[in-house]
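[1] Give me coordinates for this.
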Amino acid sequence: MKIYEFGRENKITIMCLPGNFMTHRQFENIVPLLENDYHVITVSFDGYDETGETFYTTAKEQAEKLTTFIKETLGGRIDLVYAESLGSVPAAWLTQMDISIGGVILSGAEYMNYGIFNKPAIAMFSPFTYKLMNKMVTTENVKFPKFLQIKMGITNDTFKPMLKQACQKLTLETTKATFWEGVRFYPEYVNKWEPKDKIPVACWYGEKEMNMKKAIKCLKRAFPKLDIHPFANMGHGENMRHPELVVRDLKAFMMKNGII
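    Reported below is the predicted structural model:
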């Protein structure tokens, strides 16, 4: 895991956690809009830190490492955790840790569990995705599969710019591990947690995304005061193409909940 800090002289802290296959660079267009006023922390998880020496294991382990950082570097307090896609799993785990959190935004936290089909789906999809992503980050004009465009509610042209922020040293082991964390997120984690309403939590998503209704239902049980915020005419992760919009809504969430 690698952790990067910007605007360390500022008091309010914002930690940004990237989605699957992404590095800290997923937030490279957001950081410049925040670092003058906030202490911004971006993360590349194990397996995605481009060292080729680490592997993703579980989201809880990633959250435990972040908790150690928050305790040792920030005095045990983080004002806002903003997570994209699969980064929502360790972000949600942070609400269960022994730290103080001002608020959490889970963006694109899809419901991905396929029940009895989890094992065969991951066995088939992990090597396919591993090969596809490695090919797409190294080869020009490789098209994003149509069925994934439909599932994510995005187009090939929308997805291609994201590749610049994707991990350049992806392993099959890490790919499998993160897929497993995706399917475990709700049935094995969120649905078993005691309801918690002291930490403000928001669910952001694109209106074109699939699998969000069930996700919202589960999140509402765990976080009864859940703030639901859809982005019109957008698919999965598409809000990241509009950094000014993301920053505007981040600030609105913080103002609403007394963080700033």
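[2] In three-state terms, label Asn20 for me.
    Three-state call for Asn20 (DSSP: H, G, I helix; E, B strand; the rest coil): coil.
[3] what does stretch 42-58 contact?
    Here stretch 42-58 makes contact (CB atoms under 8 Å, 6 or more residues apart in numbering) with 1-4, 6, 15-18, 21-24, 27, 31, 61-62, 65-66, 87, 90, 167-171, 173-174, 177-178, 181. Glycine gets a C-beta too; all of them are placed from N, C-alpha and C.
[4] Just the buried residues of those.
    1, 6, 15-18, 21-24, 27, 31, 61-62, 65-66, 87, 90, 167, 169-171, 174, 177-178, 181 (16 or more other CB atoms under 10 Å).
[5] and the contacts of stretch 42-58, which of them are in helices?
    Using DSSP state H, Val31, Glu61, Gln62, Lys65, Leu66, Pro90, Glu173, Thr174, Ala177, Thr178, Glu181 are the members of the contacts of stretch 42-58 that sit in helices.
[6] with the residues you listed in mind, which one is nearest to Asp197?
    The closest of the ones in helices among the contacts of stretch 42-58 to Asp197 turns out to be Pro90 (CB to CB; 20.9 Å).
[7] if I look at the closest one, how far off is Thr57?
    From Pro90 across to Thr57, the span is 11 Å (CB to CB, to the nearest Å).
[8] Then Asn113?
    Asn113 sits 19 Å away from Thr57, going by CB to CB.
[9] Compare these two (neighbour count), which wins?
    Asn113 (19 against 16; other CB atoms under 10 Å).
[10] now the residue nearest to the more buried one when sequence neighbours are not counted, what's its secondary structure?
    Nearest non-adjacent residue to Asn113, counting by CB to CB, 6 or more residues apart in numbering: Val183, 4.6 Å away. Assigned by three-state DSSP, the conformation of Val183 is helix.
[11] Any idea how many residues pack against Asn29?
    Asn29, neighbours per other CB under 10 Å, totals 16.
[12] no, scratch that, I was asking about Leu148
    14.
[13] part of a helix, is it?
    Yes - counting by three-state DSSP, Leu148 is located in a helix.
[14] quick one: it and Met136, what's the gap?
    11 Å.
[15] List phi and psi for Phe159.
    Dihedral angles of Phe159 (phi, psi; degrees, to the nearest 10) stand at phi -80, psi -40.
[16] can you tell me how far it sits from Thr54?
    26 Å.
[17] helix/strand/coil for Val40?
    Three-state call for Val40 (three-state DSSP): strand.
[18] To clarify, my last question referred to Asn36.
    Assigned with three-state DSSP, Asn36 falls in the coil class.
[19] Count the residues that sit near it.
    The tally of other residues near Asn36 (other CB under 10 Å) stands at 11.
[20] where does it fall, phi/psi-wise?
    Torsion angles, degrees, to the nearest 10, at Asn36: phi -70, psi -20.
[21] List the contacts of it.
    Per CB under 8 Å, 6+ apart, neighbours of Asn36: Gly7, Asn10.
[22] quick one: it and Arg8, what's the gap?
    Taken as CB to CB, the span from Asn36 to Arg8 is 12 Å.
[23] and if you look at Arg248?
    Per CB to CB, Arg248 is found 24 Å from Arg8.
[24] How about Val89?
    Taking CB to CB, one finds Val89 at 27 Å from Arg8.
[25] Comparing these two, which shows the higher neighbour count?
    Taking other CB under 10 Å, Val89 and Arg8 do not tie; Val89 has more neighbours (26 against 11).
[26] so that one touches Glu188, yeah?
    No - under the criterion of CB atoms under 8 Å, Val89 makes no contact with Glu188, lying 10.6 Å away.
[27] just the strands in the stretch 51-200 of the chain please.
    For the stretch 51-200 of the chain, applying DSSP state E, counting those that start in this stretch gives strands covering 77-78, 80-84, 100-101, 104-107.
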